[in-house]
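K.L.:
Sequence and predicted structure, then a few things I'm wondering about:
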Amino acid sequence: MTLIGVLIDYSETDPAAQSLVAAFRSGLAKLGWKEGTDLRTEVRWSAGNADKMAELARELVALRPDAILGRGTPETRALSRETKTIPIVFALVSDPIGSGFAESLPHPGANMTGFTNVESSRGGKWVGLLKEIAPHTMRLSLLFNPTTASPLQFYLPSIQAAASTLAVQANTTPVHAKAHLRTIRAVASL
């Protein structure tokens, strides 16, 4: 029986996440794989918790699956730390080359391959949309958790270029915990 691991950065109770897993299983079924007959899928839900994600990545690798699906940059990073031999397929990774998951898009190398539908120029479009919605915006701060966020460097050049063109000051603000958000809010209101 073929074993496929899945590491997903959602809560198991999230309806959107359940829909994604159902679509994945449906796609495998359309290819002729039958859950319980010739295929077993082990899904792990990290619910956005970086420590839990690392633990679940270790757990999946210990099962010695035939392949593992990582649904995003944080999941793929956690899996890549745990194995250099089990094939990892990534989806929705913002910058597979910059993240070190692939040598190039046509020839990823190592034990990882996957796809992305993310374009770095989106960052600049976000700034443009913000300026359309709030034309008097003069400053923006990019809040991100460096442990779980997609690499900000991927988007930053287009964000900075658009901000400069639109006369907006763009700052980056790493946030490591919810409590840190209160501090940021207090400082921003000064």
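P.N.:
Yes, it's here. For clarity, every value in this text was computed on a predicted model and none was experimentally measured.

K.L.:
rest of the way, CA atoms for contacts and neighbours
P.N.:
OK.

K.L.:
what residues are up against the nearest residue to I86 once chain neighbours are set aside?
P.N.:
Residue nearest to I86 in three dimensions, not counting chain neighbours: A67, with 6.0 Å by C-alpha to C-alpha, 6 or more residues apart in numbering. In this structure, A67 makes contact with L3, I4, G5, I86, P87, I88, V89, judged by C-alpha atoms under 8 Å, 6 or more residues apart in numbering.

K.L.:
mind giving me the domain ranges of this structure?
P.N.:
2-115, 122-188 (automatic domain parsing).

K.L.:
so can I have a markdown table of these showing mean pLDDT?
P.N.:
Converted to a markdown table, those look like this (pLDDT from 0 to 100):
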| stretch | mean pLDDT |
| --- | --- |
| domain 2-115 | 93 |
| domain 122-188 | 84 |
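
K.L.:
By residue count, which helix of the protein is the longest?
P.N.:
helix 15-30 (DSSP state H).

K.L.:
how much space between the residue nearest to the spatial centre of the chain and A23?
P.N.:
In the chain, the C-alpha nearest the mean C-alpha coordinate belongs to G72, at 2.9 Å (C-alpha atoms, centre = their mean). Applying C-alpha to C-alpha, to the nearest Å, the value for G72 to A23 is 16 Å.

K.L.:
Next, A57: secondary structure please.
P.N.:
helix (DSSP: H, G, I helix; E, B strand; the rest coil).

K.L.:
What residues does it make contact with?
P.N.:
If a contact means C-alpha under 8 Å, 6+ apart, then A57 has L7, E75, A78, L79, E82 as its contacts.

K.L.:
By neighbour count, which of those residues wins?
P.N.:
Highest neighbour count within those, by other C-alpha atoms under 10 Å: L79, with 29 neighbours.

K.L.:
pretty sure that one is touching R58, no?
P.N.:
Yes. L79 is within contact range of R58, at 7.5 Å (criterion: C-alpha atoms under 8 Å).

K.L.:
in the longest helix of the chain, what counts as buried?
P.N.:
By neighbour count with 16 or more other C-alpha atoms under 10 Å, helix 15-30 contains the buried residues A17, V21, R25.
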